[in-house]
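*Asks:* coordinates only, no sequence provided:
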């Protein structure tokens, strides 16, 4: 991390100075200083300079809402869309719509996909949608709501965990596609995560998209909620029909804002689920006005990028820093606890799954949630915990995995506190049985 305070060119843009450790501490001074917050992946983080810009937009609207609506809102949203277009290497700004979050984007795509079940003359009852077993819970519910009620059948790709290699995921996905095409059925929709949430693993998305193309899947949707700001995103190279990612998780925007990329912006029957005055003018315009609400999170993308460009190396520098640091902390934790990682390090982004000591006795999702609360309340550590059901025949299996994140505001002491908290639990003979009384 640079300590250079001189004016420099960062990503081709002049800046007053690069961020120093003190600058970063100041930008995130609103965080609770008593808590080791190693869970950036859940809700993200927003620096105070971007919050100030957001408040400026909010005040502009409150001062003169008519002027703001007629003269400022749409041009400002367009600026944000143009920046996103460049960041993800889209061909045209019309391919980019801004929505609240990836869950909203999923609803848009799945609402569109259901018409292929209803309208397509070659539809057979029981045609399929394929998605990863570890897909985000809200997206799985959306698939259930739109696909199964339309007469479709959902096939979940049974991914292994811990993961040893990309090949395991590729093989499991190929088997699911084959199952989806059995008996004269057709795979209408594939939902692919770029980075799964829990457990967190970087998926070989380009390989899976190509496989779907080779198998003539109608619609390919990549749910990349954690991607932008965490790993490289090139939608042209990936080749999916739809791609979404949140900007409030890893790109320093306030909650909530996401983009939805549409490979073919001329496609019909693609609409925002909230119907308002702009209905029928294309998804990007429909999404820019869905009634009176606070749009300020969608307007501060330029300011968020300005903050990013103050980091040494810009966005690439942040992604490299976070990956290297989370790997360093992960290796320290598994060494301290004598456990294992949930995936190879090249399948990690700014998040890593860390095995917890088996003696903690994590035997259910409920145990994981209660242990998380215990760590929060008694040790001031915020970290999500994943329960892995053991396989038959496993001896003393690791059943609990913590998902640690690293963002530029984190310090090594945050992870030492987590290490020491778990060691204290182990040394005291703690087990999750205490939650069952």
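*Replies:* Structure received. It should be emphasised that the depicted structure is a prediction, and the values quoted were computed from it without experimental measurement.

*Asks:* when you work out contacts or count neighbours from here on, use the C-alpha atoms and nothing else.
*Replies:* Fine.

*Asks:* could you find the closest non-adjacent residue to residue 286?
*Replies:* Once flanking residues are discounted, residue 286 sits nearest to residue 278: 4.8 Å by C-alpha to C-alpha, 6 or more residues apart in numbering.

*Asks:* my guess is that neighbour meets residue 284, correct?
*Replies:* No - contact between residue 278 and residue 284 fails when scored by C-alpha atoms under 8 Å: they sit 9.6 Å apart.

*Asks:* quick check on the two: which one has the bigger neighbour count.
*Replies:* Remark: of residue 278 and residue 284, residue 284 carries more neighbours, 26 against 17, as counted by other C-alpha atoms under 10 Å.

*Asks:* poorly predicted segments of the stretch 251-400 of the chain, please.
*Replies:* Within the stretch 251-400 of the chain, not a single segment meets pLDDT under 70.

*Asks:* just the helices in it please.
*Replies:* 283-288, 296-299, 301-308, 314-337, 365-379 (DSSP state H, counting those that start in this stretch).

*Asks:* what's the answer for the stretch 51-200 of the chain, then?
*Replies:* Going by DSSP H, counting those that start in this stretch, the stretch 51-200 of the chain shows helices at 65-67, 74-88, 102-118, 137-146, 166-180.

*Asks:* of those helices, flag the one that's most buried.
*Replies:* helix 102-118 (a mean of 22; mean count of other C-alpha atoms under 10 Å).

*Asks:* next, the angle from it to helix 137-146.
*Replies:* Interaxial angle of helix 102-118 relative to helix 137-146 (axes from the mean of the first three to the mean of the last three C-alpha atoms, to 10 degrees): 20 degrees.

*Asks:* okay if I get the helices of the stretch 251-400 of the chain as CSV plus distance to residue 260?
*Replies:* Formatted as CSV, these follow (distance: least, C-alpha to C-alpha, whole Å):
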stretch, distance to residue 260
helix 283-288, 9
helix 296-299, 13
helix 301-308, 15
helix 314-337, 20
helix 365-379, 31
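
*Asks:* how does this protein divide into domains?
*Replies:* Domain assignment for the chain by automatic domain parsing gives 60-304, 314-436.

*Asks:* with distance to residue 25 added, can I get the ones you listed in TSV?
*Replies:* Below are the domains of the chain laid out as TSV (distance: least, C-alpha to C-alpha, whole Å):
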stretch	distance to residue 25
domain 60-304	15
domain 314-436	7
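
*Asks:* which stretch in the helices of the stretch 51-200 of the chain is the model least sure about?
*Replies:* Ranked by mean pLDDT, the helices of the stretch 51-200 of the chain bottom out at helix 137-146, with a mean of 78.

*Asks:* on contacts alone, who are the packing partners of it?
*Replies:* helix 102-118 (3 or more C-alpha pairs under 8 Å, 6 or more residues apart in numbering; DSSP states H and E).

*Asks:* for residue 76, which of the helices of the stretch 251-400 of the chain is the nearest?
*Replies:* Of all these, it is helix 296-299 that lies closest to residue 76, at 5.7 Å by C-alpha to C-alpha.

*Asks:* if we can go back for a sec, for residue 45, which of the domains of the chain is the nearest?
*Replies:* domain 60-304 (5.6 Å).

*Asks:* gap between the two ends of the closest one?
*Replies:* End-to-end distance for domain 60-304: 19 Å, by C-alpha to C-alpha, to the nearest Å.

*Asks:* quick one: secondary structure of residue 24?
*Replies:* helix (DSSP: H, G, I helix; E, B strand; the rest coil).

*Asks:* okay, now residue 70: neighbour count?
*Replies:* Using other C-alpha under 10 Å: residue 70 sits among 10 other residues.

*Asks:* state the distance from it to residue 76.
*Replies:* Residue 70 is 11 Å from residue 76, by C-alpha to C-alpha.

*Asks:* do residue 300 as well
*Replies:* Taking C-alpha to C-alpha, one finds residue 300 at 9 Å from residue 76.

*Asks:* what does residue 96 give?
*Replies:* For residue 96, the distance to residue 76 (C-alpha to C-alpha) stands at 14 Å.

*Asks:* and residue 225, by the same measure?
*Replies:* From residue 225 to residue 76 the distance is 23 Å (C-alpha to C-alpha).

*Asks:* isn't residue 199 right up against residue 388?
*Replies:* No - the criterion here is C-alpha under 8 Å, and residue 199 misses it with residue 388 at 9.0 Å.

*Asks:* more neighbours: these two, which one.
*Replies:* Taking other C-alpha under 10 Å, residue 199 and residue 388 do not tie; residue 199 has more neighbours (27 against 20).

*Asks:* list the contacts for the more buried one?
*Replies:* Contact analysis of residue 199 by C-alpha atoms under 8 Å, 6 or more residues apart in numbering lists 134, 161, 342, 353, 386, 403.

*Asks:* now do 7 Å
*Replies:* Residue 199 sits next to 353, 386 when contact means C-alpha atoms under 7 Å, 6 or more residues apart in numbering.

*Asks:* for residue 259, which non-adjacent residue is closest in space?
*Replies:* Ranked by C-alpha to C-alpha, 6+ apart and with sequence neighbours excluded, the top spatial neighbour of residue 259 is residue 98, at 4.5 Å.

*Asks:* doesn't residue 435 belong to a helix?
*Replies:* Yes - counting by three-state DSSP, residue 435 is located in a helix.

*Asks:* that one: neighbour count?
*Replies:* So residue 435, with other C-alpha under 10 Å, has 11 neighbours.

*Asks:* could you report the pLDDT at it?
*Replies:* 92.

*Asks:* over to residue 240?
*Replies:* For residue 240, pLDDT reads 96.

*Asks:* ok, back up a step: the residue nearest to residue 259: neighbour count?
*Replies:* 26.

*Asks:* is it correct that it is in contact with residue 256?
*Replies:* No - in this structure, residue 98 is not within contact of residue 256 by C-alpha atoms under 7 Å, at 10.4 Å.

*Asks:* look up how far residue 290 lies from the residue nearest to residue 259.
*Replies:* 11 Å.

*Asks:* residue 23 too?
*Replies:* 37 Å.

*Asks:* higher neighbour count, the two?
*Replies:* A count of neighbours by other C-alpha under 10 Å puts residue 290 above the other of residue 23 and residue 290, at 18 against 13.

*Asks:* contacts only, for the more buried one.
*Replies:* Residue 290 touches 274-276, counting by C-alpha under 7 Å, 6+ apart.

*Asks:* out of these, which comes closest to residue 187?
*Replies:* The nearest one, if we look at those relative to residue 187 and count by C-alpha to C-alpha, is residue 274, at 27.9 Å.

*Asks:* pull the contacting residues for that closest one.
*Replies:* residue 290.

*Asks:* tell me the mean pLDDT over stretch 39-48?
*Replies:* 96.

*Asks:* from residue 402, how far out is residue 85?
*Replies:* Counting by C-alpha to C-alpha, the gap from residue 85 to residue 402 is 34 Å.
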